[in-house]
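Q: Let's see this in three dimensions:
(chains A, B, C and D)
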Protein chains: 2
Amino acid sequence: MTTARSSYRTIRDEISRRIASRVWLPGALIPGEEALSVEFGAARATVNRALRELAEAGLIERRRKAGTRVALHPVREARFVIPLVRQEIEARGAAYQYRLLSSETIKAPALIRARLGLLADAPLRHVRALHLADRRPYQFEDRYIVLETVPAAEDADFTDTGPNEWLVETAPFTHAEFTFHADGAGAESELLNVEKGAPVFVGERITWLGEKPITLVRMIHPSTYRMVTKL
Amino acid sequence: MTTARSSYRTIRDEISRRIASRVWLPGALIPGEEALSVEFGAARATVNRALRELAEAGLIERRRKAGTRVALHPVREARFVIPLVRQEIEARGAAYQYRLLSSETIKAPALIRARLGLLADAPLRHVRALHLADRRPYQFEDRYIVLETVPAAEDADFTDTGPNEWLVETAPFTHAEFTFHADGAGAESELLNVEKGAPVFVGERITWLGEKPITLVRMIHPSTYRMVTKL
DNA sequence: TGACAGAATATGTCTATACATAATAGCGTA
DNA sequence: TACGCTATTATGTATAGACATATTCTGTCA
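A: Residues are numbered from 1 along each chain as shown, chains lettered A, B, ... in the order given. Just a heads-up that it's a prediction; the model follows:
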């Protein structure tokens, strides 16, 4: 019979605590919103918000009529922010530098076309660039921009600022897909200043505006790179 | 003057659309909750929920008194679920197999101690295991469990099921930190059936219960592994 | 000019109430 | 017994109104 002066945070944290301290075991049914609102002396809407947040975090599972139960496997999800390379580098207190390597308009290569679900001959802008932190190679960027979706990219100037910053300001996206994997350094090994075949961390991102693909980018980091996220 | 029959989803999506279609430009101030509730014919609370979700997604930024504006750099965040290896493998339609490689109770090595913020001589359970998908090495798991935090782990039997599944059911966590990077295969190369020094994808995870560290685990995948997430 | 106290304001949260909706449980019928 | 309809129930969402709180703005005083 906690007295607590309502507040959805109080309720959320208390319930979270009960789960963490195993007062309510995984799989167990917890009291309904009505009951909790009585216990905490809060309105049902307040309890609802607390429970909703916990459900979103994956700690509990809710179903109409069936009630709310502690998640069996806390399939919690972590979040990682999608920063601009520049911000990422500057946040570490390092000096950011950018170097454009190449930029051209091409017909979509078969592989890229398949990945983006494009018809043959779709024109793309292909940009290669290097991002440095304190004068050391930090990320090699290999990007394709779909000109049908973003016509303005045809004439954009990427000599001083990277296409990412330009896109972020110019072409908002609605969906995105991220892929991460490890690979051996290929042609980009020299640029990153690593041996050929040395392990590199590859992040790949595709973004869409509605159904239309905007861009595909491969971001390649030397093996010193760490992608960190907290929960 | 959209008529729309309220619903926070309708409002959320419409605002999202206006941002995507650049009706409201990045950095621009958008109408206040009061105004929007009039426009959409909804209660302020409903508009609030719509805006709150958009803010959480990083599409807009809200500040009291200052108002709500379209985020300059959509610092959106992606989420990735934290699945059990088994589920991950079975979800691909592959057969899951587990093999315990070694298990012993040790004093914390200096490196691990530092990483977990432990005092000297803290006893740990060190478990090494291999997870296979369709009989092929999928993940090498190298785990340390802090016995002070989870005493029951001392006697737990990991011959048939991995420590991860055991922990998930037994020791809930409140915080976690994830790190991902690429590395060259070391001692585990044979187990993963790759050449020594071949690129591997390393995921590291530390979990805490309150202030007390629970476990540190390194999960090493061959370079065929892809970590995928959508937004 | 600049510092500071207060007024103004947009968002943040809570309440009470109502109705909507999904899903279960139970009943009746074939 | 098997099937399908209906009542029940817990969560989901909406509303109007109120108060809380963080910030900005403004005017005053040194």
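
Q: Domain-wise, how is chain A divided?
A: Domain assignment for chain A by automatic domain parsing gives A:8-70, A:85-222.

Q: Output the contacting helices and strands for the helix or strand of chain A with the lowest mean pLDDT.
A: Least confident helix or strand, chain A: strand A:77-81 with a mean of 80, by mean pLDDT, DSSP states H and E. Helices and strands touching strand A:77-81, by 3 or more Cβ pairs under 8 Å, 6 or more residues apart in numbering or on different chains; DSSP states H and E, are strand A:227-230, strand B:77-81, strand B:175-184. Where you see a C-beta, it was placed from the backbone N, CA and C, and this is true even at glycine.

Q: does the shortest one come close to chain B?
A: It stands for strand A:227-230. Yes - contact between strand A:227-230 and chain B, assessed by Cβ under 8 Å from any Cβ of the partner chain, occurs at A:227-230.

Q: Name the nearest residue to A:Lys230, sequence neighbours excluded.
A: Once flanking residues are discounted, A:Lys230 sits nearest to B:Glu177: 5.0 Å by Cβ to Cβ, 6 or more residues apart in numbering or on different chains.

Q: list the contacts for the one you found?
A: Contacts for B:Glu177 (Cβ atoms under 8 Å, 6 or more residues apart in numbering or on different chains) come out as A:228-231, B:205-206.

Q: Which single one of those is nearest to B:Pro151?
A: B:Pro151 lies nearest to B:Ile206 out of those, by Cβ to Cβ, at 18.9 Å.

Q: Quick check: ChimeraX command selecting the buried ones in the residues of strand A:227-230 next to chain B.
A: Buried subset of those, written as a ChimeraX selection, criterion 16 or more other Cβ atoms under 10 Å in any protein chain shown:
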select /A:227,229
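
Q: Among the residues of strand A:227-230 next to chain B, show me the least confident.
A: Among those, A:Lys230 carries the lowest pLDDT, at 85.

Q: Surely that one and B:Phe178 touch.
A: Yes - shown here, A:Lys230 and B:Phe178 form a contact pair, counting by Cβ atoms under 8 Å, at 7.4 Å.

Q: if I look at the two, which residues touch both of them?
A: The contact sets of A:Lys230 and B:Phe178 overlap at A:Ala78 (Cβ under 8 Å, 6+ apart).

Q: mind listing the strands for chain A?
A: Remark: strands assigned in chain A by DSSP state E are A:29-30, A:60-63, A:67-70, A:77-81, A:96-107, A:123-133, A:136-146, A:175-184, A:199-209, A:212-222, A:227-230.

Q: Ok, which of the ones you listed comes nearest B:Gly58?
A: Nearest to B:Gly58 among the strands of chain A is strand A:77-81; the distance by Cβ to Cβ comes to 8.0 Å.

Q: Using PDB, write out every CA atom in that closest one.
A: C-alpha atoms of strand A:77-81 as PDB (Å, rounded to 0.1, in the frame of the first residue of the first chain):
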ATOM      1  CA  GLU A  77      15.400  -3.300 -27.300                       C
ATOM      2  CA  ALA A  78      18.300  -1.000 -27.200                       C
ATOM      3  CA  ARG A  79      18.400   2.100 -29.200                       C
ATOM      4  CA  PHE A  80      21.300   3.700 -30.900                       C
ATOM      5  CA  VAL A  81      21.300   7.200 -32.100                       C
END
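
Q: As TSV, the strands of chain A with distance to DNA strand D would be great.
A: Listed next are those as TSV, based on distance: least, Cβ to the nearest atom of the strand, whole Å:
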stretch	distance to DNA strand D
strand A:29-30	7
strand A:60-63	4
strand A:67-70	4
strand A:77-81	17
strand A:96-107	27
strand A:123-133	31
strand A:136-146	33
strand A:175-184	21
strand A:199-209	25
strand A:212-222	28
strand A:227-230	22
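
Q: Which one of these has the poorest average confidence?
A: Least confident of the strands of chain A, judged by mean pLDDT, is strand A:77-81 with a mean of 80.

Q: so what strands line up beside that strand?
A: Within its sheet, strand A:77-81 is paired with strand B:77-81 (antiparallel), according to DSSP bridges.

Q: buried set for the strand it pairs with?
A: So for strand B:77-81, counting by 16+ other Cβ under 10 Å, buried means B:77-78, B:80.

Q: A:Ala120: which of the contacts of B:Glu177 is nearest?
A: A:Ala120 lies nearest to A:Thr229 out of the contacts of B:Glu177, by Cβ to Cβ, at 38.9 Å.

Q: Now the nearest residue to A:Ala95 once chain neighbours are set aside. Its backbone dihedrals?
A: Distances taken as Cβ to Cβ, 6+ apart put A:Asp134 closest to A:Ala95, at 5.3 Å, once the chain neighbours are dropped. With angles defined as degrees, to the nearest 10, A:Asp134 sits at phi 50, psi 50.

Q: how many other residues sit next to A:Asp134?
A: The number of residues packed around A:Asp134, counting by other Cβ atoms under 10 Å in any protein chain shown, is 12.

Q: same check, this time on the one 5 residues further on
A: When counting by other Cβ under 10 Å, one arrives at 21 neighbours for A:Gln139.

Q: so who does it touch?
A: A:85, A:130-131, A:219-221, A:225.

Q: Excluding chain neighbours, give the residue nearest to it in space.
A: Closest residue in space to A:Gln139, ignoring its immediate chain neighbours: A:His131 at 4.4 Å, by Cβ to Cβ, 6+ apart.
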